[in-house]
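# pasting the sequence and the predicted coordinates here, then a few questions.
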Amino acid sequence: MGLMGDLGELPLPDLVQMTSVGGKTGRLVLYDEEGAVAGVLMFRGGRLVGARAGELAAEKAFFALLGLKTGSFDFDPQAELEEDEVDLSTESLLIEGMRRLDEVYRLRRRLPAPALVRYRGGSSDDPLENRVLGYLGPGARTVGDIVEGLLVGGDADEYDALTALFHLAAGGTVRVDRPTEAGRTGARVGEPPEPPQPELER
């Protein structure tokens, strides 16, 4: 028997935990608040065996979908599952996913989407940080543009992108100018943070 509902009433972490504890098999389709498909999770015996969210797959897709707070879901235990791409414990994924989600919220406050990023000089030995620098180029781009650009590859999620950007800013390779309420650039990353601002959607 299938299960349909609202993510506002049954949050995804709780739904995944129910699936894990119950050893359920099936396909879970997640919809955003406008009814568009946000992603798909596939379970076999309570373990995650497949996941898709835009360009992301496997663990990255699972972590990204945990951020859904509104929308709906449809769990179909009769659905034909694709060939297993992973075979992971949902318990360990939930723990790591919630940790990453908390870190993303913290990084968003330090690196809001409209903030401007400029190259200052230097390089990095980290492949993802080098991709950030390559995408940035000689001009300036917003944090939101950089995150979206890295998501296209499908091998990096928002957590990865913001972490790489934060490391580059902390090392002085790039400069990040955060906007103020008046529209002017404010404190830079590495300086004392401003009072918390309303969360900016990407």
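Perfect, thanks for sending it.

# where does this protein have low pLDDT?
1, 181-202 (pLDDT under 70).

# try it again with 80
1-2, 82-85, 137, 152-155, 180-202 (pLDDT under 80).

# export the biggest helix by length in the chain as PDB, just CAs?
Counting residues, the longest helix found in the chain (DSSP state H) is helix 90-110. Provided in PDB are the C-alpha atoms of helix 90-110 (Å, rounded to 0.1, in the frame of the first residue of the first chain):
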ATOM      1  CA  THR A  90      19.700   5.500   5.800                       C
ATOM      2  CA  GLU A  91      20.600   6.000   9.500                       C
ATOM      3  CA  SER A  92      24.200   7.000   8.800                       C
ATOM      4  CA  LEU A  93      23.000   9.100   5.800                       C
ATOM      5  CA  LEU A  94      20.500  11.000   8.000                       C
ATOM      6  CA  ILE A  95      23.200  11.800  10.600                       C
ATOM      7  CA  GLU A  96      25.600  13.100   8.000                       C
ATOM      8  CA  GLY A  97      22.900  14.900   6.100                       C
ATOM      9  CA  MET A  98      21.600  16.800   9.100                       C
ATOM     10  CA  ARG A  99      25.100  17.800  10.000                       C
ATOM     11  CA  ARG A 100      25.700  19.100   6.500                       C
ATOM     12  CA  LEU A 101      22.400  20.900   6.500                       C
ATOM     13  CA  ASP A 102      23.300  22.700   9.700                       C
ATOM     14  CA  GLU A 103      26.600  23.700   8.200                       C
ATOM     15  CA  VAL A 104      24.900  25.000   5.000                       C
ATOM     16  CA  TYR A 105      22.700  27.300   7.100                       C
ATOM     17  CA  ARG A 106      25.800  28.600   8.900                       C
ATOM     18  CA  LEU A 107      27.700  29.100   5.600                       C
ATOM     19  CA  ARG A 108      24.700  30.900   4.000                       C
ATOM     20  CA  ARG A 109      24.800  33.500   6.700                       C
ATOM     21  CA  ARG A 110      28.500  34.100   6.100                       C
END
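
# helices or strands up against that helix?
With contacts defined as 3 or more CB pairs under 8 Å, 6 or more residues apart in numbering; DSSP states H and E, helix 90-110 has these neighbours: helix 12-21, strand 47-53, helix 58-65, helix 158-170. The C-beta positions use only the backbone N, C-alpha and C, and glycine is treated the same way.

# how does it look with 10 Å?
helix 12-21, strand 47-53, helix 58-65, helix 143-151, helix 158-170, strand 174-179 (3 or more CB pairs under 10 Å, 6 or more residues apart in numbering; DSSP states H and E).

# need those in a markdown table with distance to R100 and mean neighbour count, can you?
Formatted as a markdown table, the helices and strands packed on helix 90-110 follow (distance: least, CB to CB, whole Å; neighbours: other CB atoms under 10 Å):
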| stretch | distance to R100 | mean neighbour count |
| --- | --- | --- |
| helix 12-21 | 12 | 17 |
| strand 47-53 | 14 | 22 |
| helix 58-65 | 5 | 22 |
| helix 143-151 | 14 | 20 |
| helix 158-170 | 5 | 21 |
| strand 174-179 | 21 | 20 |
